Every structure is written in structure tokens, then in C-alpha cells.
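> Show me the folded form of this:
(chains A, B, C and D)
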There are 2 protein chains.
Amino acid sequence: MAAHGSVTLLLARFSDLFARGLRACIDEDPALDVLADDVAPDRLGSRLAALEPDVAILNLAALEAVADVRRFHAAHPGVHLLVIAERPTDAEVDQVLACGAGACLSKEAQARDVRSAIHLASRGLVVLPRAGAETGPRRYPEVLTAREAEVLRHLQRGDANAEIAAALHVGVETVRTHRRNVYRKLGVRSRRELSDLSSG
Amino acid sequence: MAAHGSVTLLLARFSDLFARGLRACIDEDPALDVLADDVAPDRLGSRLAALEPDVAILNLAALEAVADVRRFHAAHPGVHLLVIAERPTDAEVDQVLACGAGACLSKEAQARDVRSAIHLASRGLVVLPRAGAETGPRRYPEVLTAREAEVLRHLQRGDANAEIAAALHVGVETVRTHRRNVYRKLGVRSRRELSDLSSG
DNA sequence: ACAGCGGGTGAGCACTACCTCACCCGCTCA
DNA sequence: TGAGCGGGTGAGGTAGTGCTCACCCGCTGT
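So this is what the prediction gives:
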């Protein structure tokens, strides 16, 4: 515990832009004191031992395994672990909490919720998203498959179906199927519209 | 185009923490002028029309379909579109660029790369990750399945295998399989170690 | 008229993930 | 000693996705 009632923190490494947002969010709260920032996964153990923060904010995506959380909890029972996951399922939250973490938040969480969670976790309370809004699978725009992307490249070059079929070593009917899916996912209806995007 | 040679920007809505990082990254560059921030997906069209920024930074995950990118490009050919995706595959990058975007970056991108990409995109150059490091599937810690999480909850309550099997309406052998996977993914070797995590 | 392009439907196949269960083994403890 | 717990292997079924191909239709342009 730090002196004047503040909460001491250790921040694991996150992607650059997210880390900036996280740090800014924490710096807005004068009661939060960051001891270490951008700690690489392989240095978490030694930094936890050296700094003994009240709360450590871990990046689940950067860990080798969820079991690492358990390892940190076992080695440093006094440190409250707050795990930030990509978009955790209910099962993933259960898993993280079962490994000894005090909280499991989504990267989609609001800044004020993160600050609240840090304070609660520092006092040993368990925080989990559960709201239902943040967890669960996300609807994501339809993405081209690898094969469809190949067909797209040939279409952009103006190749005919038969040429594409020969180049990909498949039948013309297959090319037509891929092409149709490409058109649908790109929202175009012809080669003409496809080339309009590139030129204009 | 803005007056004093600066680049005017429109920023779509991103998750709170990421948006703070993105905004901070942009504010560090005095040549970048943000006209609108946190623009909701359904307001992108009208805001693009009203503000006519040099560059619009879109959030692919918040769009209904990748085809929306094409729609924006068609409606506002003068606006250079910079799309930020979750962790785009090569096929996804092809798809976004084929829809008329000028750049497709990953959320994992460095702040300085984002600033560079904005400047390049504003001059009509195409920017794509391609480095190979950011694209492609990520190795992610092993996550519990829904069934394994259920077994975990029963294990934490101290239920015996037969009790769990009865509760889940499956055979004891099935419970044993789930339990084994739970142990492996959590890095524990017994009910004892599992309860040690919860108690202290 | 015919070839090429556009869309729709459906089938077969391979691969993967998950769930389910069955066998094997060793250890511990009442 | 036997029941329960620990780990290992493998097999079967289901579901989903992606790739491949086959048929159907209409439109257009030479």
C-alpha cells in the first residue's frame, strides 16, 4: 500500500493506442499511482515482485496462457489482478476469475468503469462485465475468404472467368461462385462497379 | 482542404479507451485538425457530407458491412478513407481497399504509424499493414468452452463427478474429460489447487 | 442465336471445434 | 481391496465454415 491512501498500479503491455487511452484514463484519477507502465509479458513476474503494486492490470491477449494469471496470483497473493481481455465470453471470464484474478474487463469498457474497477479490485472486490453488452460474440462485417480475395485480385486485373479458373486450377463454376460472394460482400453488382472504385 | 495546410479529420466511434489513445495520438500532431470525433455509424453519412474532411478514420468493427466503405467512397470521392480493423487478414485488407479505402490499419498499429498513414492517405497514397507482424491470426490463450465452464462452476462448489454428471445430464466419463481440460487450461492439477485459488 | 456475364440454389467434400463417451494406467485413502 | 480421483488416448456425432462444382434463370452484345 502506498502512503497517502492512493492505489499503486502496474500496467502490462498493450497495443500502443489502447495503452495511451488506458494511461490517460488512469492519470485523470489522482488517487491512482502508476509504478510501472508497458511491462512486457516476460517481465511481469520480476516487476510484480519488485514493485508489489496494489493492483496489476494484465493484458490477456499478450499472455502465453490463462494459467499465467494463476501463476502470478500464487506468487503474489497480495497483488489484486485486473485482467483486460479482448471481448471475453462468459466462459473466459469464469476462467480468468478461477485463476485468481479480482476482475476481468473487456477492452470495450468505459474509462470510468475501468477506474471504478481498479478501486474496487484494490479492496478485494470482484468485478466482472456480465452486463451482457460487452461479452459474447460480436457481429462483424462479412470478410472475404482467402480464395475469394484471390478471385478479387484477378477481377481487378480484368481477367475473364476462364482465365481466373485456369490460374487458380479450378473450374469456371467455382470462380463464378467465388465472384458472386465477392460481389455480395463488396456491395457491387458487376466488374464495372468494381473498377469504378479503383479509378474514381 | 483546410486553410494553413493542415489535414482535416473525421473520427468514427471507437471503444472508449482506444478512442482516447487515438485522439491523443492525433492531437500530438499540430498539422492534424479534428473536425468531428466519436461519430456514430449511422451518422457517418451526414457528417461526411456536412464537414467534407480530408481524411475520415472509420471503425470497421462498428460498420454493418464492408460495403458501407464502398458506399461512403462513392458518395464522397474527395474524402480519403482510412479504415481501422481489429486484426485484419490479408483478404480483409484487400476487401477494404477494393471498396475504395485509401488505407487499412490494425488496431495494434503504432501511434506514429497512424499519424504517417493519415498524412499519406490525405495525399491519395495507399497505406496497408502488410508487414506480416500485425496481420494474420493471433495466438490467444486457450479459453474454456461453455461446457467446460459449467463443469468448472460445479468443481468450485465442491461437487463430486457423479453429481456434476447428473446435473448436466451426461455421463461421468464426459465430466472427467471436461474436468481434465479445465485443469489443463487453468494450470491446476486437482480440486485442491482449484480451491486454493479462490480462498487465498 | 450463341457466348459471356449477372444472380439463385443446392450438393459434396474436407477441415475444425465441441461434446460425448469408452477404454487404458497409477495413486491414495478409508 | 475397492472406490474415487488424477492423467492419457481415441472414437463417434454434430455443427459450422470454406472450397469445389453443378444445375437453374435472365440480360446483353456481336
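
> Mind giving me the packing neighbours of the longest strand along chain A?
Ranked by residue count and defined by DSSP state E, the top strand of chain A is strand A:32-39. Counting by 3 or more Cβ pairs under 8 Å, 6 or more residues apart in numbering or on different chains; DSSP states H and E, the packing neighbours recorded for strand A:32-39 are strand A:7-12, helix A:16-27, helix A:44-51. Using the backbone N, CA and C atoms, a C-beta is placed for each residue, glycine as well.

> 10 Å instead?
Other helices and strands packing on strand A:32-39, by 3 or more Cβ pairs under 10 Å, 6 or more residues apart in numbering or on different chains; DSSP states H and E, are strand A:7-12, helix A:16-27, helix A:44-51, strand A:55-59, helix A:111-122.

> what comes up buried for it?
A:32-33, A:35-37, A:39 (16 or more other Cβ atoms under 10 Å in any protein chain shown).

> Other residues contacting stretch A:25-35?
A:2-11, A:23, A:37, A:47, A:50-57, A:109-116, A:118-119, A:122, B:16-17, B:20-21 (Cβ atoms under 10 Å, 6 or more residues apart in numbering or on different chains).

> Now list the buried members of those residues.
Neighbour counting by 16+ other Cβ under 10 Å classes A:7-11, A:23, A:37, A:47, A:51, A:53-57, A:109, A:111, A:113-115, A:118-119, A:122, B:16-17, B:20-21 among the contacts of stretch A:25-35 as buried.

> DNA strand C contacts on chain A?
A:160-162, A:176-177, A:179-180, A:183-184, A:189-192 (Cβ under 7 Å from any atom of the strand).

> Buried among the residues you listed? Make that a PyMOL selection.
Entered in PyMOL, the line below selects the buried ones among the residues of chain A next to DNA strand C, by 16+ other Cβ under 10 Å:
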select buried, chain A and resi 161+179+183
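
> out of the residues of chain A next to DNA strand C, which are inside helices?
Among those, DSSP state H puts A:161-162, A:176-177, A:179-180, A:183-184, A:191-192 in helices.

> do you know how far A:Ala146 is from B:Thr174?
36 Å (Cβ to Cβ, to the nearest Å).

> show me the contacts for the residue nearest the centre of chain A.
Centroid-nearest residue in chain A: A:Glu86, 3.1 Å away (criterion: Cα atoms, centre = their mean). By Cβ under 10 Å, 6+ apart, the residues touching A:Glu86 are A:59-61, A:92, A:106-108, A:138, B:86-87, B:138, B:140.

> ok, so of those residues, who is nearest A:Ala74?
A:Leu60 (17.4 Å; Cβ to Cβ).

> Leaving out sequence neighbours, find the closest residue to the residue of chain A positioned farthest from its centre.
Centroid-distance maximum for chain A: A:Ala162 at 41.5 Å, with Cα atoms, centre = their mean. Nearest residue to A:Ala162, sequence neighbours excluded (Cβ to Cβ, 6 or more residues apart in numbering or on different chains): A:Val172, at 5.8 Å.

> residues contacting A:Leu186?
Contacts here follow Cβ under 10 Å, 6+ apart; on that basis A:Leu186 touches A:142, A:144, A:148, A:152, A:155, A:193-194, A:197, B:65-67, B:69-70, B:94-96, B:98-100.

> ok so, going back, Throw the residues of chain A next to DNA strand C into JSON lines and include distance to A:Leu128, thanks.
Listed next are those as JSON lines, based on distance: Cβ to Cβ, whole Å:
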{"residue": "A:Ala160", "distance to A:Leu128": "56"}
{"residue": "A:Asn161", "distance to A:Leu128": "52"}
{"residue": "A:Ala162", "distance to A:Leu128": "56"}
{"residue": "A:Arg176", "distance to A:Leu128": "49"}
{"residue": "A:Thr177", "distance to A:Leu128": "44"}
{"residue": "A:Arg179", "distance to A:Leu128": "46"}
{"residue": "A:Arg180", "distance to A:Leu128": "44"}
{"residue": "A:Tyr183", "distance to A:Leu128": "43"}
{"residue": "A:Arg184", "distance to A:Leu128": "39"}
{"residue": "A:Arg189", "distance to A:Leu128": "46"}
{"residue": "A:Ser190", "distance to A:Leu128": "50"}
{"residue": "A:Arg191", "distance to A:Leu128": "51"}
{"residue": "A:Arg192", "distance to A:Leu128": "52"}
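
> and DNA strand D, which of the residues of chain A next to DNA strand C contact it?
A:176-177.
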